[in-house]
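>>> Predicted model follows, preceded by the sequence.
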Amino acid sequence: NSIHIDLCSFNLHFSVPLKSISVEVSVNGFIADVSSTLTYENAESNPVEAVFVFPMEDGSSVYDFHAEIGCNLIEATIKEKQEARYDYDDAISSGQEAFLLEESDESPDVFRLSVGSLPAGQTASVSLSYVTELPVQADDALRFFLPTVLCPRYTPQGEKNIYQLMPFVPCDSVPYSLSLNCHLSSLNGIASVKSNSSLSPLEYLSDDKTEAKVSLSPGFQFDRDVELLIYYSQAHQPTVVVEAGLSTAAEGSLMGVPLVMVRLYPEFSRFTEESLTKNGEFIFLMDCSGSMKETMKWECNSVRRIESARDTLLLLLKSLPFGCYFNICLFGSRFKFFFPKSVEYTQQTMESAMKKVKDMDANLGGTEILRPLREIFRKPCKPGYPRQLFVFTDGAVGNIKEVIEKVKRNSAKHRCFTFGIGDGVSTALIKGMAKAGNGHFQFVCGKDRMQEKVMQTLRFALQPAVTNVALNWHVPDGMEVVPVSETPTMLFSGQQLILYSQLKGKVRSAGANPSQHRAQGRNQSWAGCQPTYVCVFRLTAHRLAAKSLINQMEEKKEEQLLTGGENENLKKNIVEMSSEARVLSPYTAFIAINKESREAIQAPLIRRDIPCGKCFYFHAFLIVKWGRSYSERTVCQECSADEKSVRQSNDYKAGNWRCDNECC
């Protein structure tokens, strides 16, 4: 560990050009519009290229990027990603100032910001803006989440690892600061705001409490992700956002026509405990990789992630209905099941499982989740007992897209519920698996509200589905409603649903009136009350709808790749939609070049990688003990057990190992 800390101190001998991050958040109902400004200063004698890899909430729609150097405002344009990279490389090799923002190829919740050829003594401000939907928590709070911790992620052998060369420093040694101001607006009234970080007192800006503001207290340490829980007075009130199109957009295009965004958060009072199903096969997939040894928070006396996951699992085990079936699988570089196949939930099997859970530890190596998933999906389902998969992980996974696709391809056989344990968890993995498996996700950052979250997830798994969901529109003559997102076939009490639709045709009267939202289940019906209407003018709904369409096309493209085919038109359509809506996609990037600079910079360019805050237990263990990334170590060819627990095979010189585990 001392060696790794010395290396970090060595990195910090150089001046880090990123000085501060300022975040302005505007929350309007269930949507957050976020603008982040990063201030850079080159205090060195040579020009610098600063590279910053940082996390972002999964599902965010990045729609603006620009920079300011001196009095020059440099607006970015969206281009196909490889073309943007070429332009950036050409610019900095020519001594021009250039800025590049792109989504990681490996994970949609990780972004890379490159600031090139920043002259000695020069200051630059780089701003990016995005909009995102706010998910609902177990206690009806809306959750705004600003990731500030980016943990190293285990990458299976042979996969590209973007985290291998990233610099990390202790949380209290991050050389830049963070400020955050949040403006809140809701016609339903703002009851309160809570956070895992220190905040200024909530200040109401109107007598009816429909507007308020709050700020992050100074001195943030980058030892946790920032979480704001926003409570409204009428949490279940349906909301409709009506937004006019962009007059300069092409006629009939997504951005050129009016758009309606409908948000439903139903509460079916007739669904009681008696209506919950008692049948089900519950499989709990528990992450016991080495990174789970890290603490939930940066403080030394904080509980470890494995302990938090253990407490969550124990609470679930105690709450299962008698007569169901269950099994538990622990995974890391290898995996093992508690029982050869799922067993009936009785007092005896529950006590046996709980005893084993109490003894489990984070001692199974890397976070290799695909192998146990394949084994779970390979096992036949028990007729009459729908399979419910619960996944507990800190999200230190590099092959996120492959994992999500595996869950999606088997979604007809099961539902998937995910628990993200600790700060720095991959929101793309936790959200993506739950969405692909028609389930629900939760983030556990400590013992706060753990019981509420666990019981809400279990109720989702046990409650009957509401079917025949329909959205009935009443629009003026001459207009039609064209859905952008598909209406789901089922809905659950306490589940948030957000739908996007275009309004096409000639408007002869006031906007559309989606007056009734109906669903039916077990001879019961529900009709939404009169919704709250919100008119917005910043193209928020359009950008979120564009992101939704891009995600749908990306999913189709991934499906085609897995089946051995590829439709290049889908990639072309994604790039076109990204350019039209100015929304970042996996195949595009924002590029900004300062063409006002009169003289090219001639001095040698020095690269500076901006460090992220990180607790060092597991990361130092990997980097220092072996001197190379985990994915490069020798592993068992069958179950990926590491070389400390395997024996040599006859063909050791060929790099093949075979371990003593029963599965091999």
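Everything's here; your move. Residues are numbered from 1 along each chain as shown.
>>> Would you mind measuring from the residue sitting nearest the centre point of the chain to residue 469?
Centroid-nearest residue in the chain: residue 427, 2.3 Å away (criterion: C-alpha atoms, centre = their mean). From residue 427 across to residue 469, the span is 26 Å (C-beta to C-beta, to the nearest Å). Bear in mind the C-beta positions are built from the backbone N, C-alpha and C, glycine included.
>>> now residue 345
31 Å.
>>> Likewise for residue 221?
For residue 221, the distance to residue 469 - C-beta to C-beta - is 45 Å.
>>> what about these two, which has more around it?
When residue 221 and residue 469 are compared for neighbours, residue 469 comes out ahead with 21 against 15, by other C-beta atoms under 10 Å.
>>> Which pLDDT value goes with the more buried one?
The model reports residue 469 with a pLDDT of 73.
>>> Please state the offset of the helix or strand harbouring it from the chain centre?
Using DSSP states H and E, the element containing residue 469 is strand 466-474. Chain-centre distance of strand 466-474: 29 Å, with C-alpha atoms, centre = their mean, to the nearest Å.
>>> could you say what helices and strands it packs with?
Judged by 3 or more C-beta pairs under 8 Å, 6 or more residues apart in numbering; DSSP states H and E, strand 466-474 is in contact with strand 490-491, strand 513-521.
>>> what pairs with the next helix-or-strand element following the first one, and is each one parallel or antiparallel?
Just to be clear, that refers to strand 490-491. Later in the chain than strand 490-491, the nearest helix or strand by DSSP H and E is strand 497-505. Using DSSP bridges, strand 497-505 pairs in its sheet with strand 259-264 (antiparallel), strand 479-483 (antiparallel).
>>> List the neighbouring strands of whichever helix or strand comes after the longest one plus their orientation.
Next along the chain after strand 259-264, taking DSSP H and E as the criterion, comes strand 281-287. The partner list of strand 281-287 in its sheet, established with DSSP bridges, is strand 325-331 (parallel), strand 387-393 (parallel).
>>> got those strands as a markdown table, with mean pLDDT columns?
Below are these laid out as a markdown table (pLDDT from 0 to 100):
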| stretch | mean pLDDT |
| --- | --- |
| strand 325-331 | 95 |
| strand 387-393 | 92 |
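>>> Redo those strands as CSV? Include distance to residue 454 and mean neighbour count.
Listed next are the strands paired with strand 281-287 as CSV, based on distance: least, C-beta to C-beta, whole Å; neighbours: other C-beta atoms under 10 Å:
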stretch, distance to residue 454, mean neighbour count
strand 325-331, 15, 22
strand 387-393, 10, 25
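>>> Now render those as TSV, adding distance to residue 492.
Putting the strands paired with strand 281-287 into TSV (distance: least, C-beta to C-beta, whole Å) gives the following:
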stretch	distance to residue 492
strand 325-331	21
strand 387-393	13
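>>> Who are the contact partners of the closest residue to residue 110 other than its chain neighbours?
Closest residue to residue 110 apart from its sequence neighbours, by C-beta to C-beta, 6 or more residues apart in numbering: residue 104 at 4.1 Å. Residues near residue 104 by C-beta atoms under 8 Å, 6 or more residues apart in numbering: 53, 110-112, 162.
>>> Go through those and name the one nearest residue 122.
Of all these, residue 122 sits closest to residue 112, with 21.4 Å by C-beta to C-beta.
>>> I'd like to know how many residues surround the residue nearest to residue 393 when sequence neighbours are not counted.
Using C-beta to C-beta, 6+ apart and skipping the chain neighbours, the partner closest in space to residue 393 is residue 287 (3.8 Å). Per other C-beta under 10 Å, the neighbour tally for residue 287 reads 26.
>>> Next up, the contacts around residue 287.
Contacts for residue 287 (C-beta under 8 Å, 6+ apart) come out as 309, 331-332, 367, 369, 391-394, 421.
>>> Let's have those residues in a markdown table, adding distance to residue 119.
Below are those laid out as a markdown table (distance: C-beta to C-beta, whole Å):
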| residue | distance to residue 119 |
| --- | --- |
| 309 | 49 |
| 331 | 50 |
| 332 | 48 |
| 367 | 42 |
| 369 | 46 |
| 391 | 48 |
| 392 | 49 |
| 393 | 44 |
| 394 | 41 |
| 421 | 44 |
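>>> wait, which of those is closest to residue 319?
Out of these, the member with the shortest distance to residue 319 (by C-beta to C-beta) is residue 392, at 15.1 Å.
>>> Give the pairing partners of the helix or strand containing residue 112; include direction for each.
Element membership of residue 112, judged by DSSP H and E, is strand 110-118. Sheet pairing of strand 110-118 (DSSP bridges) gives strand 48-55 (antiparallel), strand 98-103 (antiparallel).
>>> mean confidence for the longest one?
pLDDT averaged over strand 48-55 equals 91, rounded to a whole number.
>>> Pull the residues that contact it.
If you take C-beta under 8 Å, 6+ apart as the criterion, strand 48-55 is touched by 17-18, 38, 40, 42, 92, 104, 109-118, 120, 147-150, 162, 166, 424, 426-427, 605-610, 612.
>>> Pull out the buried residues from those residues.
Buried members of those, scored by 16 or more other C-beta atoms under 10 Å, are 17-18, 38, 40, 42, 92, 104, 109-118, 147-150, 162, 166, 424, 426-427, 606, 608, 610, 612.
>>> how about the strands paired with strand 281-287, which one is nearest residue 228?
For these, distance to residue 228 was read as C-beta to C-beta. The smallest value, 23.8 Å, belongs to strand 387-393.
>>> what comes up buried for stretch 315-323?
Applying 16+ other C-beta under 10 Å to stretch 315-323 flags 316-317, 320 as buried.
>>> Including pLDDT, secondary structure and distance to residue 541, could those residues go into JSON lines?
Shown next, in JSON lines, are the buried residues of stretch 315-323 (pLDDT from 0 to 100; DSSP: H, G, I helix; E, B strand; the rest coil; distance: C-beta to C-beta, whole Å):
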{"residue": "316", "pLDDT": "91", "secondary structure": "helix", "distance to residue 541": "37"}
{"residue": "317", "pLDDT": "92", "secondary structure": "helix", "distance to residue 541": "42"}
{"residue": "320", "pLDDT": "91", "secondary structure": "coil", "distance to residue 541": "41"}
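>>> Pick the one among those residues closest to residue 540.
Residue 540 has its nearest neighbour among those in residue 316, at 37.1 Å by C-beta to C-beta.
>>> Phi, psi for the nearest residue in space to residue 224 that is not next to it in sequence please.
Closest residue in space to residue 224, ignoring its immediate chain neighbours: residue 423 at 4.6 Å, by C-beta to C-beta, 6+ apart. The phi/psi pair for residue 423 (degrees, to the nearest 10) reads phi -80, psi 160.
>>> Residue 101 versus residue 584, what's the distance?
Counting by C-beta to C-beta - residue 584 and residue 101 are separated by 7 Å.
>>> Can you work out which residues contact both of these two?
Joint contacts of residue 584 and residue 101 (C-beta under 8 Å, 6+ apart) are 62, 590.
>>> Pick out whichever of those two has more residues nearby.
residue 584 (26 against 23).
>>> Where does the residue lying closest to that one once chain neighbours are set aside fall, secondary structure wise?
Computed as C-beta to C-beta, 6+ apart, the closest residue to residue 584 that is not its neighbour in sequence is residue 62, at 4.0 Å. In the assignment (DSSP H and E), residue 62 maps to strand 61-69.
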